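S.K.: Give me the fold of what follows.
(one chain, ligands or ions: 1)
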Amino acid sequence: MKPEQVNELLYQSLETELGGVQVYTTALRCALNEELKEEWQEYLEQTENHVRIVQETMEVFGLDIGAETPGRKVVRHIGESLVKAMELALQSGGPAAAQLVAAECVTLAETKDHLNWELIGEAAKKLKGEEAKALKAAYDEVEEEEDEHLYHTTGWTRELWIESLGLPAVLPPPEEEKDVKTAIGAARAKHARADML
Ligand SMILES: [Fe+2]
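M.R.: Take a look at the predicted model:
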């Protein structure tokens with residue numbers, strides 16, 4: 001394994017979580033559905049906790065949490081762009097449109113976040129010693145929450161869009177009702193939506 005790239009993954013993970021806090025804070029201003037608001041409020045608090053977990057893990061790796069890397073800059077740029085997209089929607093679209101934009105932005109942010117943690121899980125299997133222990137502990141604490149953040153928000157985005165088309169929607173989405181935590185579970189929940197209408 002390439003230690004430099006594992007470090008880069010941790011820098012990008014920290015930046016993704018920091019961006020996530022901003023994305024959820026802005027998304028909450030766009031949310032109309034009460035259950036969605038509750039869900040995102042919970043995810044915001046979990047994301048703040050993820051920031052702390054990544055920072056503590058980076059300390060074990062001897063990394064400076066304030067150090068800049070080119071990759072980290074790109075991740076920050078994307079996070080800031082997602083926030084700007086939501087602000088644009090708040091200013092120029094109706095409230096329902098802004099909620100849709102927010103759901104899409106959260107899904108995009110959580111896609112990267114979920115990938116990071118999947119990769120952290122892979123790296124943890126190959127590392128040795130204190131670093132392996134720290135990475136594995138972080139992964140065990142966070143991974144299941146990341147599954148929920150991505151799969152449930154993907155479901156919210158799809159169903160809110162379906163509702164906006166004037167079609168029958170399952171709200172809260174089946175992913176939430178079925179407490180989905182895996183890609184297979186998400187596919188099953190989506191498949192079952194027709195029976196839940
Ligand atoms: Fe996260």
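
S.K.: Check the secondary structure at Ile65 for me.
M.R.: Using DSSP: H, G, I helix; E, B strand; the rest coil, the structure places Ile65 in coil.

S.K.: show me what contacts Glu130?
M.R.: Shown in contact with Glu130 (CB atoms under 8 Å, 6 or more residues apart in numbering): Val60. Where you see a C-beta, it was placed from the backbone N, CA and C, and this is true even at glycine.

S.K.: May I see the buried residues of whichever strand or helix holds it?
M.R.: Assigned by DSSP states H and E, Glu130 falls within helix 129-164. Neighbour counts over helix 129-164 (16 or more other CB atoms under 10 Å) mark 131, 134-136, 138-139, 142-143, 145-160, 162-163 as buried.

S.K.: pretty sure Gln22 contacts Arg76?
M.R.: No: counting by CB atoms under 8 Å, Gln22 stays clear of Arg76, with 9.7 Å between them.

S.K.: give me the element Leu167 is part of.
M.R.: Using DSSP H and E, no helix or strand contains Leu167.

S.K.: Angles on the backbone of it, please.
M.R.: With angles defined as degrees, to the nearest 10, Leu167 sits at phi -110, psi 160.

S.K.: Could you measure from it over to Met196?
M.R.: For Leu167, the distance to Met196 equals 14 Å [CB to CB, to the nearest Å].

S.K.: now swap in Glu148 and tell me
M.R.: With CB to CB as the criterion, Glu148 and Met196 are 19 Å apart.

S.K.: Which pLDDT value goes with Leu197?
M.R.: Here, the pLDDT recorded for Leu197 equals 87.

S.K.: Just give the closest residue to it, not the sequence neighbours.
M.R.: Pro168 (4.8 Å; CB to CB, 6 or more residues apart in numbering).

S.K.: isn't that neighbour right next to Met196, touching?
M.R.: No: applying CB under 8 Å as the test, Pro168 and Met196 come out as separate, 9.8 Å apart.

S.K.: and the residue of the chain found nearest the ion, what element?
M.R.: Residue nearest to the ion within the chain: His50 (3.9 Å; CB to the ion). Using DSSP H and E, His50 maps to helix 34-60.

S.K.: from the chain's centre, how far out does that helix sit?
M.R.: In terms of CA atoms, centre = their mean, to the nearest Å, the centre of helix 34-60 is set 9 Å apart from its chain centre.

S.K.: what comes up buried for that helix?
M.R.: 36, 39-40, 43-44, 46-47, 50-51, 53-54, 57-58, 60.

S.K.: follow-up on the earlier one: what is the rounded mean pLDDT of the helix holding Glu130?
M.R.: On average, helix 129-164 scores 97.

S.K.: likewise stretch 44-64?
M.R.: pLDDT averaged over stretch 44-64 gives 98.

S.K.: cool, stretch 88-98 as well?
M.R.: So the average pLDDT for stretch 88-98 ends up being 96.
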